[in-house]
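Q: Predicted structure and sequence below. I'll ask about it afterward.
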Amino acid sequence: MKKIIALMMALVMVFALAACGAPAADEGGKTDEGTAPAAVSAENIKIGVILIGDENEGYSYAHMEGIEAACKALGIDKESQLIYKFSVLEDESCYDAAVDLAENGCNIIFANSFGHEPHLMQAAEEYPDIYFCHATGYQAATSELTNFCNYFTDIYESRYVSGVVAGLKLKELMDKGTVTDPYIGYVGAYPYAEVVSGYTAFFLGIRSIVPEAHMDVTYTNEWFNIAAEGEAANMLMSRGCVIIGQHADSTGAPAAVQAALDGGKVAYSVGYNVDMLSVAPDAALTSAQNNWVVTYEALIKVALEGGKLDTDYSFGYADDAVQISALGASCAEGTQKAVDDAIAAIKDGSLHVFDTSKWTVNGETVTTTVSDDLAETYHGVEYITDGYFHESESASAPAFAFRIDGITELKKS
Amino acid sequence: MSDAPMGTKEPFIRISKRTSIGKCRAWSIRIIALLLSLIVSGLIIYAIVRMSPVKVYVSMFEGAFGTTRRAWITVRDTMMLLCIGVGLAPAFRMRFWNIGAEGQILAGGIAAAACMIYFGAVLSGPALILVMVITSIAAGAVWGLIPAVFKARWGTNETLFTLMMNYVAIQLTGYCVSLWENPFGSNSVGIINQQTKAGWLPSMFGQSYGLNVVIVLALAIGMYIYMKYSKHGYEIAVVGSSENTARYAGINVRRVYLRTMAISGAVCGIAGFLAVSGASHTISTSTAGGRGFTAIIVAWLAKFNTIVMIMISLLLVFLEKGAVEIASRYNLNAYASSIITGIILFFILGSEFFINYRIRFRSGKKEKEVAAE
């Protein structure tokens, strides 16, 4: 018996080696290096998508919705021309997935999580005739790859508007006398620029209505953890926070706020990505959302036409690439009008979210990002001109990383 | 038993332990279990997606071996799992329940990553790899030795101890990740030495993972010989079957514990080295990714025979890759594939019951065997 097993083993190994030894089929249809990928028709294009989660996770779901809507608009069949790789970790499995999509004939490949970036770049280097696009990353501008780009949205704009919604609610509660301390809590994922930029925009939105508001931020150190986000929200509410904002992807925080509200506490929630009304019908005010379809349509169009890819793509309210979800029933009176006004002001350029006259660091107004102290954060790039911080203009990834007065980070990583 | 006294009714089912079973018979039971599991998961697949299970199995196969690249990734992951299983084998044969492979892998991985980061620019290619291998082996061995020392000296429970060492290693990894994180605050180390590729395992036979295969297969064969034909291997087996007998025979039980766990940890350390240098080129708390636990299944199913482990590892990785492929192709999410993997493992583990026990029904005088549920 042992001999038979050994023989089988040997056979398996031989077959495995034979299979592996076969020359790599040129499925990719390689073109000469250095030339831009060629144009492809809408009937023939194949799109690969690498997602950190699946349709059960708000952030990835928003991407899926955006891609599918873009495909529909461009006449691309999502059944046969769109390949998803779900729940891809931020390690070599991202590279494996990207290369696998490339070998399956994809013309453009997206990845949606921050940690995917170096692995996707590694694949981009090997397949110069395929476009690789990475959401939330920051390395395209400094890399020499011509077939690799970063994309994101000007989500800080809609976070600001969601802050306005929260501010009006806070004002209503204070006018009624229900709340005396305008104390806000924020459940963040990781302590870096994308999150800092988001919560600062949210806070400035609130402060445009309630100038004396102050905010505590806590980190879960995970993008998606229903239990940890719920716990963080509970912790913040027990400290006295009445508005809970979030930059983490689950419904944990809004659900916890709803439970507290049902238990007699005064607390309301502002979500991210997903309309939270289903889990927090009374507690949810609104959610800041990306409308990814705009970005995906633009990127897929590049692949259809062939040719040069910019290093960064970021669209905001001006292109309807960001939005806030439908207002909850608990929102204060007059919210819709204030929201419309804020959006209009952002669109016409009269309102800048990171207007330097609206925030200070250690009591001082910041006028430049070029200094020795800030070299590590901003790499000597000047972001502040004309009296405001130019977020997501030169690079798509959020860059604002000042810890402004009024906001306290409860713990760092 | 037909000559049971009248009046007392025989139970409908009787289970008794088998004294021995032929190898051929044992393997046919296992194969029947595997086939049954495929049929059951086929039925469930059909119930969920209304698709021909054969088609689903074909796409599972394509997911694991469909292209050259996929085959190599399957091989790479198989080798990783095998390497850990090989590391666990001597400890388990000694009845030292080393649940701490996860931590030993991470210890090796941290050592390898640290060398890549701190010596990447200083040492030349082969020298760097050599240093990485040595430090990884040392780190893994130390991580394995700590519980062994406590067990040998004070008789602590090794299952709990090795398990808890995992969490210490995970926290240590978390600390190193935030120490080395790039960019700051991202909580990830990124790909180490992406430009220079210093400390990356060089490719062999034109394949980036060729060397992984050679190293792990050499380890598997070496371990097989060590356990079967060496004096050490014999001592391990004696200690495993009875500590008192071993002592009576003049075996220094403490020394066997220490030596074997150092070897076990060292091999897991090599697995950590392979994960960092030969596959991911980065370190994170998910570098071990639960494989330290999966490898326990591999070691058990293979009865600690490192050659049989090759097949078991291949089967588990095949299931995983196939599951990912059907999730992607038929828009099922990852849970659907976990269900299938779960069913197949359930049947395979269940088949061990029918190998160890015989089942007899009252009605027939002749024995009736049931391979699986």
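A: Perfect, I can see it now. Residues are numbered from 1 along each chain as shown, chains lettered A, B, ... in the order given.

Q: separation between the residue in the stretch 151-300 of chain A that chain B sits nearest to and B:Glu10?
A: The nearest approach of the stretch 151-300 of chain A to chain B comes at A:Tyr192, 3.0 Å away (CB to the nearest CB). For glycine as for every other residue, the C-beta is placed from the backbone atoms N, C-alpha and C. Counting by CB to CB, to the nearest Å, the separation of A:Tyr192 from B:Glu10 is 71 Å.

Q: Between the two, which has more neighbouring residues?
A: Neighbours per residue (other CB atoms under 10 Å in any protein chain shown) separate A:Tyr192 from B:Glu10, with A:Tyr192 holding more: 22 against 13.

Q: Quick one: mean pLDDT for the top helix by length along chain A?
A: Secondary structure of chain A per DSSP state H: the longest helix is helix A:155-176. Helix A:155-176 carries an average pLDDT of 95.

Q: Whichever helix or strand comes after it vs chain B: in contact?
A: Downstream of helix A:155-176, the first helix or strand assigned by DSSP states H and E is strand A:183-188. No - applying CB under 8 Å from any CB of the partner chain, one finds strand A:183-188 separated from chain B by no less than 10.7 Å.

Q: Convert strand A:183-188 to PDB, retaining C-alpha atoms only.
A: What follows is strand A:183-188, C-alpha atoms only, in PDB (Å, rounded to 0.1, in the frame of the first residue of the first chain):
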ATOM      1  CA  TYR A 183     -19.500  67.300  23.100                       C
ATOM      2  CA  ILE A 184     -18.900  65.200  20.000                       C
ATOM      3  CA  GLY A 185     -17.300  61.800  19.700                       C
ATOM      4  CA  TYR A 186     -15.700  60.200  16.700                       C
ATOM      5  CA  VAL A 187     -14.900  56.600  16.000                       C
ATOM      6  CA  GLY A 188     -11.900  56.500  13.700                       C
END
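
Q: Just name whatever secondary elements the following helix or strand past that strand is in contact with.
A: Next helix or strand after strand A:183-188 toward the C-terminus (DSSP H and E): helix A:193-207. Helix A:193-207 is packed against helix A:155-176, strand A:183-188, strand A:214-219, strand A:243-247, strand A:407-409, with contacts defined by 3 or more CB pairs under 8 Å, 6 or more residues apart in numbering or on different chains; DSSP states H and E.

Q: Tell me which other helices or strands the second one touches.
A: Here strand A:183-188 is seen to pack against helix A:193-207, strand A:214-219, helix A:226-238, strand A:243-247 when contacts are counted using 3+ CB pairs under 8 Å, 6+ apart.

Q: Could you export these as CSV, including mean neighbour count?
A: Putting those into CSV (neighbours: other CB atoms under 10 Å in any protein chain shown) gives the following:
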stretch, mean neighbour count
helix A:193-207, 26
strand A:214-219, 22
helix A:226-238, 21
strand A:243-247, 30
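
Q: want to throw those into CSV with mean pLDDT and distance to B:Gly87?
A: Converted to CSV, the helices and strands packed on strand A:183-188 look like this (pLDDT from 0 to 100; distance: least, CB to CB, whole Å):
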stretch, mean pLDDT, distance to B:Gly87
helix A:193-207, 94, 39
strand A:214-219, 94, 36
helix A:226-238, 93, 33
strand A:243-247, 94, 41
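
Q: so A:Asp310 is in which element?
A: Here A:Asp310 sits in a region with no helix or strand, counting by DSSP H and E.

Q: Could you do B:Leu106 as well?
A: Per DSSP H and E: helix B:101-119 holds B:Leu106.

Q: is chain A contacted by that helix?
A: No - counting by CB under 8 Å from any CB, chain A has no neighbours in helix B:101-119; the shortest distance is 11.5 Å.

Q: what mean pLDDT does that helix have?
A: 94.

Q: so what does it touch, helix or strand wise?
A: Packed next to helix B:101-119, using 3+ CB pairs under 8 Å, 6+ apart, are helix B:68-93, helix B:125-154, helix B:158-180, helix B:253-273, helix B:291-301.

Q: The ones you listed into a markdown table, with extra columns for mean pLDDT?
A: Below are the helices and strands packed on helix B:101-119 laid out as a markdown table (pLDDT from 0 to 100):
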| stretch | mean pLDDT |
| --- | --- |
| helix B:68-93 | 92 |
| helix B:125-154 | 93 |
| helix B:158-180 | 92 |
| helix B:253-273 | 95 |
| helix B:291-301 | 89 |
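
Q: any chance of the ones you listed in TSV, plus mean neighbour count and distance to B:Glu235?
A: As requested, the helices and strands packed on helix B:101-119 are exported to TSV (neighbours: other CB atoms under 10 Å in any protein chain shown; distance: least, CB to CB, whole Å):
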stretch	mean neighbour count	distance to B:Glu235
helix B:68-93	26	10
helix B:125-154	20	14
helix B:158-180	18	17
helix B:253-273	26	5
helix B:291-301	23	19
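
Q: would you list those helices in a markdown table and tack on distance to chain A?
A: Compiled in a markdown table, the helices and strands packed on helix B:101-119 are given as follows (distance: least, CB to the nearest CB, whole Å):
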| stretch | distance to chain A |
| --- | --- |
| helix B:68-93 | 5 |
| helix B:125-154 | 17 |
| helix B:158-180 | 6 |
| helix B:253-273 | 14 |
| helix B:291-301 | 12 |
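
Q: Measure how far the helix or strand harbouring A:Leu261 is from the centre of its chain, please.
A: A:Leu261 belongs to helix A:252-262 when assigned by DSSP H and E. Counting by CA atoms, centre = their mean, to the nearest Å, helix A:252-262 is centred 23 Å from the centre of its parent chain.

Q: Direction included, what does the very next helix or strand once past that helix pair against?
A: Using DSSP H and E, the helix or strand that follows helix A:252-262 in sequence is strand A:268-272. Paired strands of strand A:268-272, with direction, are strand A:243-247 (parallel), strand A:284-290 (parallel) (DSSP bridges).

Q: Just give me how far strand A:268-272 sits from the chain centre.
A: 16 Å.

Q: which residues make contact with it from outside it?
A: Strand A:268-272 is contacted by residues A:58, A:162-163, A:165-166, A:169, A:202, A:233, A:242-249, A:251, A:253-254, A:257-258, A:261, A:276, A:280, A:283-289, A:325, A:330 when judged by CB atoms under 8 Å, 6 or more residues apart in numbering or on different chains.

Q: can you do 7 Å?
A: Around strand A:268-272, the neighbours that count as contacts under CB atoms under 7 Å, 6 or more residues apart in numbering or on different chains are A:162, A:165-166, A:169, A:242-247, A:249, A:253-254, A:257, A:276, A:280, A:283-288, A:330.

Q: and if you look at stretch A:339-359?
A: Outside stretch A:339-359, the residues that reach it (CB under 7 Å, 6+ apart) are A:156-157, A:160-161, A:164-165, A:201, A:204, A:317-318, A:324, A:365-367, A:384, A:387-389, A:391, A:400, A:404.

Q: again, but for stretch B:172-185
A: A:190-192, A:413, B:106, B:110, B:117, B:187-190, B:283-285.

Q: which one in those is the model shakiest on?
A: pLDDT across the contacts of stretch B:172-185 is lowest for A:Ser413, at 38.

Q: low-confidence ranges in chain A?
A: Chain A contains residues with pLDDT under 70 at A:1-36, A:411-413.

Q: Any idea which residue is closest to the centre of chain A?
A: By CA atoms, centre = their mean, chain A has its centre lying nearest to A:Thr136, at 6.0 Å.

Q: Contact partners for that residue?
A: Contacts for A:Thr136 (CB under 7 Å, 6+ apart) come out as A:114, A:152, A:194, A:397.

Q: now, the most widely separated pair of the residues you listed?
A: Using CB to CB, the two most remote members of these are A:Phe114 and A:Phe152, lying 10.2 Å apart.

Q: List, one by one, the residues from the stretch 51-200 of chain A near chain B.
A: Residues of the stretch 51-200 of chain A that fall close to chain B, judged by CB under 7 Å from any CB of the partner chain: A:54-56, A:83-87, A:89-92, A:96, A:99-100, A:103, A:114-115, A:118-119, A:122, A:190-192.

Q: Turn the buried ones among those residues into a named PyMOL selection, would you?
A: In PyMOL syntax, the buried subset of these is picked out as below (16 or more other CB atoms under 10 Å in any protein chain shown):
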select buried, chain A and resi 54+83+84+85+86+87+89+90+91+92+96+99+100+103+114+115+118+119+122+190+191+192
